[in-house]
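Asker: Quick one: sequence plus predicted model below, questions after.
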Amino acid sequence: MVLTDENVFGKHQRKLKGWKTIVIKAGEEFKVQSTVDDIIHQLIEIGADRNTTLIGLGGGVISDITGYVAGVYMRGINFGFVPTSVLAMVDAAIGGKNGIDVGLYKNMVGLIRQPSFLLYDFSLLKSLPKEEWVNGFAEIIKHACIKSAPMFSLLEKNKLSSFQKDLTSFAKLVQSNALLKTRVVVDDEFEKGERKLLNFGHTLGHAIENLYKIPHGHAVSIGMGVACKFSAKLTGFKDSDRVVKVLKQYGLPPQFEFDKEEAFRILKNDKKKVSQSINYILLKKIGKAEIVPLSFEQIQSLINEL
């Protein structure tokens with residue numbers, strides 16, 4: 001059975017002819033428990049059993065919800081993903097993190113469970129709006145910052161339109177990102193160590209994303225801009241200008257005026273917190289990140305200095 005959203009269904013209805021399909025409303029605001037309950041009721045009505053495979057056809061929201069529903073329906077059924085966005089191809093569909101939002105707290109409820117398969121069909125990107133290409137490149141830039149100086153150099157030498165026109169080069173870039181994240185996840189599936197590096201730009205980014213309802217990639221980009229400033233103060237990172245330039249090059253915002261007090265309040269309840277501190281991901285140099293435990297007091301002081 002296929003789970004998708006109204007936007008994807010509208011664009012690819014012909015491809016879904018003959019499939020049992022559940023269609024939900026599109027958008028992060030629908031990544032909540034009430035949507036999950038509705039999907040489960042539809043699965044029951046359709047007659048889904050333990051031998052059913054649930055296929056998530058869509059972007060990051062669909063990936064998150066599909067994995068979560070499949071993980072809890074009848075105590076677990078098989079699932080797989082056919083990502084239709086750049087963001088899902090390089091990040092959301094990989095790694096087994098599935099879940100939903102609770103109020104202002106992103107991905108607060110969920111589980112880690114790996115899909116049975118990932119199917120990449122680049123023809124699905126033909127209908128993808130430019131802003132969603134931009135959204136996805138935030139995660140590509142993130143991967144380059146934390147793990148691959150050569151990928152960062154490649155991004156510096158190109159621009160979004162060049163990858164949109166040359167799908168062969170873009171496919172190689174997607175594969176590099178998918179393999180990079182997969183290697184990290186295989187070594188640390190439950191985020192006890194190195195997988196935490198993948199949260200670069202996400203800690204403050206998630207707070208800003210849910211506070212202002214801006215696209216995930218834009219929020220992560222702002223979070224990376226802030227993390228670079230923190231890194232310059234705490235790790236001696238010297239290449240903030242290069243990161244900012246690449247973010248702008250791909251249409252992403254490296255900074256944003258936000259309510260510091262409210263963003264900090266949301267950040268304090270981040271699921272990654274440990275008592276009165278949080279593991280913040282900072283850069284030592286391009287391609288090398290490190291996990292730095294920061295107290296909430298330190299983080300608040302750093303935010304206030306922005």
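Answerer: Now that the structure is in, tell me what you want to look at.
Asker: so where does residue 211 fall, helix or strand?
Answerer: Taking DSSP states H and E as the definition, one finds residue 211 inside helix 203-212.
Asker: Packing partners of that helix?
Answerer: strand 105-112, helix 216-234, helix 260-267, strand 277-285 (3 or more CB pairs under 8 Å, 6 or more residues apart in numbering; DSSP states H and E). From N, CA and C alone the C-beta is placed, and that goes for glycine too.
Asker: Which positions within the longest one qualify as buried?
Answerer: With burial defined by 16 or more other CB atoms under 10 Å, the residues of helix 216-234 counted as buried are 216-231.
Asker: same question, the last one
Answerer: Burial within strand 277-285, assessed by neighbour count using 16+ other CB under 10 Å, is assigned to 278, 279, 280, 281, 282, 283.
Asker: Rebuild those residues as a markdown table, extending it with pLDDT and distance to residue 101.
Answerer: Listed next are these as a markdown table, based on pLDDT from 0 to 100; distance: CB to CB, whole Å:
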| residue | pLDDT | distance to residue 101 |
| --- | --- | --- |
| 278 | 95 | 19 |
| 279 | 95 | 21 |
| 280 | 96 | 22 |
| 281 | 98 | 21 |
| 282 | 98 | 26 |
| 283 | 98 | 28 |
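Asker: Closest one of those residues to residue 149?
Answerer: Checking these against residue 149 by CB to CB gives residue 283 as the nearest, at 11.1 Å.
Asker: my guess is that closest one meets residue 234, correct?
Answerer: No. Residue 283 is beyond contact range of residue 234, at 10.0 Å (criterion: CB atoms under 8 Å).
Asker: Assign residue 3 to helix, strand or coil.
Answerer: Under DSSP: H, G, I helix; E, B strand; the rest coil, the three-state class of residue 3 is strand.
Asker: Can you give me the neighbour number for it?
Answerer: 23 (other CB atoms under 10 Å).
Asker: who touches it in this structure?
Answerer: Shown in contact with residue 3 (CB atoms under 8 Å, 6 or more residues apart in numbering): 21-22, 24, 39, 54-58, 62, 65-66, 69.
Asker: mind putting those residues in TSV, distance to residue 252 included?
Answerer: Below are those laid out as TSV (distance: CB to CB, whole Å):
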residue	distance to residue 252
21	33
22	33
24	28
39	32
54	32
55	30
56	26
57	26
58	22
62	23
65	25
66	27
69	31
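Asker: Return the residues in contact with residue 135.
Answerer: 85, 86, 87, 215, 216, 217, 218.
Asker: Isn't residue 94 up against residue 181?
Answerer: Yes. Contact criterion CB under 8 Å: residue 94 and residue 181 qualify, at 4.8 Å.
Asker: so where is the stretch 51-200 of the chain shaky, pLDDT-wise?
Answerer: Nowhere does the stretch 51-200 of the chain drop to pLDDT under 70.
Asker: 90 instead?
Answerer: 104, 106, 126-127 (pLDDT under 90).
Asker: where exactly do the strands run in it?
Answerer: When assigned using DSSP state E, counting those that start in this stretch, the strands of the stretch 51-200 of the chain occupy the ranges 53-58, 78-83, 97-102, 105-112, 117-118.
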